[in-house]
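Q: sequence plus predicted model, see below.
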Amino acid sequence: MKILGRVTVILCGLLLLVYVGEFPDFADPQSPASTHVSPYYIQNALEDTAVPNLVTAILADYRGYDTMFEATVIFTAGLACFFLMRLPKKEERVVFYRHRATGVTLRIDDCGAVPKDTQAFHRIDSQWVPRDLIIRSTTRLLIPFVQIYALYVLAHGHHSPGGGFQAGVVLGASIILLAISQDLRSAISKIKEKTLGILSSLGVLIYAGTGFLCLLLGESFLDYGALASLLGTDRVMARSHGILIVEVGVAMAVMSVLIWIYYNLSSAGKQDEGL
Amino acid sequence: MRGYNMDLLNLIAAKANYWTYIILMMVGFYALIAKNNLVKKIVGMTIFQTAVLLFYVSMSTKKGGTIPILHHGETTSLDPGHVSALVNVADYVNPLPHVLMLTAIVVGVATLGVALSLAIKVYKTYGTLEEDEINLQLRNG
């Protein structure tokens, strides 16, 4: 099997290498990829959409269908992960509590728990190690700035590198950072699984809903120019605003799906104790 | 002889991006078809995917081109109808592959999550991630 694999790989690699000579040179401005459709985008995007960032303009306007279904694929991946991994809450379980003042650990069998209102005990994972002060305080300082940066990336995506996908990934990473540096339960207490499910479907719904709104206003699906009368601007600025609306939807979907996948993967579906 | 060497050097230097992506892609492909462990296969799939991303993004570059964000400070005061005359296509890299790969990266992460959860499920069912052992268990019922 190993030999067969090696032979196949070498044959495929040689086949690809033989035709390298036919490809255009690296960074050639006259290469076929850069001479057919992309000049139109570069020359007309600012006139059509008032968005100087060409990537954002193409992503959400010219190729709006593509991006809508990419968001749907991400949402479907989150759902698939949920249906594969998620387990119902088990009734018989063993939980560990730690007394804050003395460090004594209690092990409670058979679904028992200390009262919720007590501050003297806190729940710990079965493989708990004391949390490092440096990691705890650094992430505590870092997470709000990471989230504000993500919002900046989202809102400023028209004029600088950024947009919905990037902002969603950074927002998701901030919550995953919390889950790694503290524990899974403290991340879940900040943003629950139900919220994630609603947010991810709402994100896709915002995107598709904007498209249907354009349809209702008597124009093509996802032609944001139709929103001009609703937003009170001209058609070009309406496209710019429409791009922002769908980017918000994309950011919500991406953020919640990434966190959702992390919750399910790191705890193998139990969402009780994780990494 | 000298001319032939220069040709070969040009072939490597001017098309270094294709060499890189082919080598990366074959590394990933080998892991996909020859490795026995499912997690190693997933790693191979990710390397393969990275090779494709690299290939697309390297196709978009232009010599002397800058990032695909138009200089808009001075053009916004103009009549919008005249903007296209000011934009020189060769000044900006091709934005289309960037768009395609931007979404592909995030979709890749999400599908990687699905692949890993399938691997966890397989491990729970068969107690192993080695493909031959799983096949053996399947054959023996």
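A: Noted; the coordinates are in hand.

Q: which sections of chain B are below the confidence cut-off?
A: The model of chain B has pLDDT under 70 over residues B:1-4, B:72-85.

Q: stretch A:15-31 near chain B at all?
A: Yes. Using CB under 8 Å from any CB of the partner chain, stretch A:15-31 reaches chain B at A:16-17, A:20-21, A:23, A:25-29, A:31. Using the backbone N, CA and C atoms, a C-beta is placed for each residue, glycine as well.

Q: buried set for that stretch?
A: A:16-17, A:20, A:23-29, A:31 (16 or more other CB atoms under 10 Å in any protein chain shown).

Q: which of the residues you listed fall in strands?
A: Taking DSSP state E, every one of those sits outside strands.

Q: pull the number of nearby residues for the residue in the stretch 151-275 of chain A that chain B sits nearest to.
A: Here the stretch 151-275 of chain A gets closest to chain B at one residue, A:Ile261, 3.7 Å apart by CB to the nearest CB. By the criterion of other CB atoms under 10 Å in any protein chain shown, A:Ile261 has 27 neighbours.

Q: coming back round to it: inside helices: which ones of the residues of stretch A:15-31 next to chain B?
A: A:16-17 (DSSP state H).

Q: turn the residues of stretch A:15-31 next to chain B into JSON lines, including distance to A:Val153 and pLDDT.
A: Converted to JSON lines, the residues of stretch A:15-31 next to chain B look like this (distance: CB to CB, whole Å; pLDDT from 0 to 100):
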{"residue": "A:Leu16", "distance to A:Val153": "36", "pLDDT": "90"}
{"residue": "A:Leu17", "distance to A:Val153": "39", "pLDDT": "88"}
{"residue": "A:Val20", "distance to A:Val153": "36", "pLDDT": "85"}
{"residue": "A:Gly21", "distance to A:Val153": "41", "pLDDT": "81"}
{"residue": "A:Phe23", "distance to A:Val153": "34", "pLDDT": "86"}
{"residue": "A:Asp25", "distance to A:Val153": "34", "pLDDT": "84"}
{"residue": "A:Phe26", "distance to A:Val153": "29", "pLDDT": "85"}
{"residue": "A:Ala27", "distance to A:Val153": "27", "pLDDT": "83"}
{"residue": "A:Asp28", "distance to A:Val153": "31", "pLDDT": "84"}
{"residue": "A:Pro29", "distance to A:Val153": "29", "pLDDT": "84"}
{"residue": "A:Ser31", "distance to A:Val153": "30", "pLDDT": "85"}
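
Q: of the residues of stretch A:15-31 next to chain B, closest to A:Gln166?
A: A:Gln166 lies nearest to A:Ala27 out of these, by CB to CB, at 24.7 Å.

Q: got the contact list for that closest one?
A: Contacts here follow CB atoms under 8 Å, 6 or more residues apart in numbering or on different chains; on that basis A:Ala27 touches B:61-63, B:65.

Q: cutoff 10 Å now
A: A:34, B:14, B:17, B:58-65, B:93 (CB atoms under 10 Å, 6 or more residues apart in numbering or on different chains).
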